[in-house]
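Peer 1: Here you go, sequence then predicted model.
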Amino acid sequence: MIKLSFVCFLFGLGVFLSCSKMDSAMEKSFQQAKNNKEELKRVINHYKTKDDTIGYIASIFLIENMKGLGTYDSKTDSMRLDLEHINADYLISNIDASLKVSRLNLIKGNISQTAFLEYILPYRLEYEGLSDWRKQCLDRYNSISGDLFNLKTFEEQAFYAVTNINNDLIDHFKYTNSESPAEFNNWQQLITRKSGDCWAMTNTITYPLRAMGIPTTIDFITSWGNSNGGGHAWNTLILKTRKTVPFLGFEASPPNYNPFKVYKTVMRFPAKIFRKTFSMNPLALSNLITNVNDIPVHLRFDRAIDVTDQYLSTKTVKVYIGNRSAPNIVYLSVFSNGQWQPVCGTPRKLGYYFFDKMVENILYIPTSFDSEKGVKLLGYPFFIRSGIIFSLKPNMSSLENITIGNTRSLVSDGLGLYGLNISKEVFYQRMENLMSGINTSKPLDNVTYKLFYWDGSWVLHSEVKKIPGKNLVFYNVPKNALLRLISPHDLRNSRIFSYKNGQVWW
């Protein structure tokens, strides 16, 4: 048995306090459990009777953070809530299984308290049907889990487990957006179908790694900052020896995976990176805004933390909205797929809005959002460079002529090659051509291009037809303006740029 005094020393005073009393969160969980309250108490009493303090802490953590979790039923479009229905034996079995593979590493200090509670212990990932997934995963990967004992360090064990599970999965996955969302599928369903999006890829490998006692989670973004496209997700190992170790199930093992890499030095960068947790984040927008409909759909999550600074150079941004009707919540938005997309929000404090961990060299614009009006622009776009904020407000009294070298950014050109029905040889040749400036998106002869600049909305500056043998030039364009070039054949890939001795793509 691990006695209370040692474990509280191991876990720290904060956990000792949660060990010694049931706080308001636990009382709320019991109230929401209704007739299932006694089942939850049976789990807690089980570990209290055994004098197993780690098990006791684990049971408290799960029950306190169970609100809103459950199994989604697509037939009835309803949720079978865990608090009201989960069985004590299932929770006890899950806790015991997680402790069996983690207890020694907890004592040795290979796994932190947070890593165990958040990234090994949880009995579910999202809203999938509950199953005996730990046993299923260990049965399938029995030889891999057995080999871990032969490796000296915990980092070696983690890398070995990821690499060998990925070797089993790689080349057996079909990427598609037509499958049912991964959040509604348990491990057996995911490993059987081997198809879906990046969430299916990340979820599938998270299950067996957690079953082996390897703290694993999923980092995700909602929008890219310097390219079009949707969100993305990848896996991350939570190790004490390294800050962040990203990888991707079915595709790439650590330590050489870069979630931002398009090709060689060509990168696309997100404005915000979040990490999935089991515990609820009190600073999540859903806990700050009364009406959840006044939160953009893609930001309605409360079980995640901001880890942007673990990947990229960031700064805190202070925004002032100079009018009396300034909203309680202001968002920073990026330009994606032809519109401004909110990526994070914060409440007003002392007349200002403080945005932490904002990525440098990404273009933002302050906006508001509500369920009826949608996104409303509140200022001019800006970017951060070397800690300094630069605003892009068109200077109508200072004009310049600009020459269009390319109609798309190098990032957009590179991404455009993915998904094409071409051989690997042709793909790499075209990528190399892009890197050397060959076959880039030069303006096409006899095509008319429209140039817009941003001044509270997109304002048409002029239309120019590309004449064969001559550069595409727009005359008398306001300096310090955010620009957008529209051509009839390339609307989907249109990106924004500014101009300073050439095009600066955002």
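Peer 2: In hand now; what should we look at?
Peer 1: confidence score at the closest residue to residue 505 other than its chain neighbours?
Peer 2: Distances taken as CB to CB, 6 or more residues apart in numbering put residue 409 closest to residue 505, at 3.7 Å, once the chain neighbours are dropped. To be clear about C-beta, it is placed using only N, CA and C from the backbone, and glycine gets the same treatment. On the pLDDT scale, residue 409 is placed at 92.
Peer 1: Residue 409 contacts residue 504, doesn't it?
Peer 2: No. Look at residue 409 against residue 504 with CB atoms under 8 Å: they stay out of range, at 9.7 Å.
Peer 1: And those two? Which one has more around it.
Peer 2: Shown here are residue 409 and residue 504; by other CB atoms under 10 Å, residue 409 has more neighbours (24 against 15).
Peer 1: if I look at that one, how far off is residue 56?
Peer 2: 54 Å (CB to CB, to the nearest Å).
Peer 1: same thing with residue 101?
Peer 2: 18 Å.
Peer 1: Residue 469 too?
Peer 2: Distance from residue 469 to residue 56, by CB to CB: 79 Å.
Peer 1: what about those two, which has more around it?
Peer 2: Using other CB under 10 Å, the more surrounded residue of residue 469 and residue 56 is residue 56, with 23 against 6.
Peer 1: May I ask which helix or strand encompasses that one?
Peer 2: Using DSSP states H and E, residue 56 sits within helix 53-64.
Peer 1: Which helix runs longest in the chain?
Peer 2: helix 88-108 (DSSP state H).
Peer 1: how about it: buried residues?
Peer 2: Neighbour-count burial for helix 88-108, counted by 16 or more other CB atoms under 10 Å, picks out 88, 90-92, 94-95, 97-99, 101-103, 105-106.
Peer 1: Just the CA atoms of whichever helix or strand comes after it, as PDB, please.
Peer 2: Once the chain leaves helix 88-108, the next helix or strand it forms, by DSSP H and E, is helix 113-119. This file holds the C-alpha atoms of helix 113-119, laid out as PDB (Å, rounded to 0.1, in the frame of the first residue of the first chain):
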ATOM      1  CA  GLN A 113       0.700  13.700 -11.300                       C
ATOM      2  CA  THR A 114      -0.900  15.700 -14.100                       C
ATOM      3  CA  ALA A 115       0.300  13.400 -16.800                       C
ATOM      4  CA  PHE A 116      -1.200  10.400 -15.100                       C
ATOM      5  CA  LEU A 117      -4.500  12.000 -14.200                       C
ATOM      6  CA  GLU A 118      -5.100  13.700 -17.600                       C
ATOM      7  CA  TYR A 119      -3.400  11.400 -20.100                       C
END
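Peer 1: tilt between the helix or strand following helix 113-119 and helix 88-108?
Peer 2: As assigned by DSSP H and E, the chain's next helix or strand after helix 113-119 is helix 133-140. Interaxial angle, helix 133-140 versus helix 88-108 (axes from the mean of the first three to the mean of the last three CA atoms, to 10 degrees): 60 degrees.
Peer 1: what's the angle from the longest helix of the chain to helix 53-64?
Peer 2: 130 degrees.
Peer 1: What is helix 88-108 packed up against?
Peer 2: For helix 88-108, the packing partners by 3 or more CB pairs under 8 Å, 6 or more residues apart in numbering; DSSP states H and E come out as helix 37-49, helix 53-64, helix 113-119, helix 133-140, helix 198-211.
Peer 1: counting contacts, what elements does the shortest one pack onto?
Peer 2: It stands for helix 113-119. helix 53-64, helix 88-108, strand 216-221.
Peer 1: Kindly report the same for the longest one.
Peer 2: The elements that helix 198-211 packs onto, with contact taken as 3+ CB pairs under 8 Å, 6+ apart, are helix 88-108, helix 133-140, helix 154-169, helix 187-193, strand 216-221, strand 232-237.
Peer 1: Pull the number of nearby residues for residue 394.
Peer 2: Neighbour tally, residue 394, other CB under 10 Å: 20.
Peer 1: Give me the below-cutoff pLDDT ranges for the chain.
Peer 2: 1-22, 490-493 (pLDDT under 70).
Peer 1: Quickly list the domain ranges of it.
Peer 2: Per automatic domain parsing, the structural domains of the chain span 1-123, 132-279, 313-391, 395-407+442-505.
Peer 1: I'd like those domains laid out as JSON lines, including distance to residue 433.
Peer 2: Compiled in JSON lines, the domains of the chain are given as follows (distance: least, CB to CB, whole Å):
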{"stretch": "domain 1-123", "distance to residue 433": "42"}
{"stretch": "domain 132-279", "distance to residue 433": "11"}
{"stretch": "domain 313-391", "distance to residue 433": "26"}
{"stretch": "domain 395-407+442-505", "distance to residue 433": "12"}
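Peer 1: Find the residue at the geometric middle of this structure.
Peer 2: Centroid check for the chain by CA atoms, centre = their mean gives residue 220 as the closest residue, at 1.5 Å.
Peer 1: what phi and what psi does the backbone show at the nearest residue to residue 382 once chain neighbours are set aside?
Peer 2: Setting aside the residues directly before and after it, residue 382 is nearest to residue 391 in space (CB to CB, 6+ apart), at 4.5 Å. Per-residue torsions, residue 391: phi -100, psi 140 (degrees, to the nearest 10).
Peer 1: Which residues are in contact with residue 391?
Peer 2: 380-382 (CB atoms under 8 Å, 6 or more residues apart in numbering).
Peer 1: Which one of these sits in the busiest neighbourhood?
Peer 2: In terms of neighbours by other CB under 10 Å, the contacts of residue 391 top out with residue 381 at 23 neighbours.
Peer 1: Just give the closest residue to that residue, not the sequence neighbours.
Peer 2: The spatially closest residue to residue 381, leaving aside those adjacent along the chain, is residue 365, at 4.3 Å (CB to CB, 6+ apart).
Peer 1: Buried residues of the host helix or strand of the one you found, list them for me.
Peer 2: In this assignment (DSSP H and E), residue 365 forms part of strand 365-370. Within strand 365-370, the residues that qualify as buried by neighbour count (16+ other CB under 10 Å) are 365-369.
Peer 1: Out of those, which is nearest to residue 482?
Peer 2: Nearest to residue 482 among those, counting by CB to CB, is residue 365 at 8.8 Å.
Peer 1: for the helix or strand that residue 476 is a member of, packing partners?
Peer 2: Using DSSP H and E, the element containing residue 476 is strand 472-479. Secondary structure elements in contact with strand 472-479, counted by 3+ CB pairs under 8 Å, 6+ apart, are strand 395-404, strand 448-454, strand 458-465.
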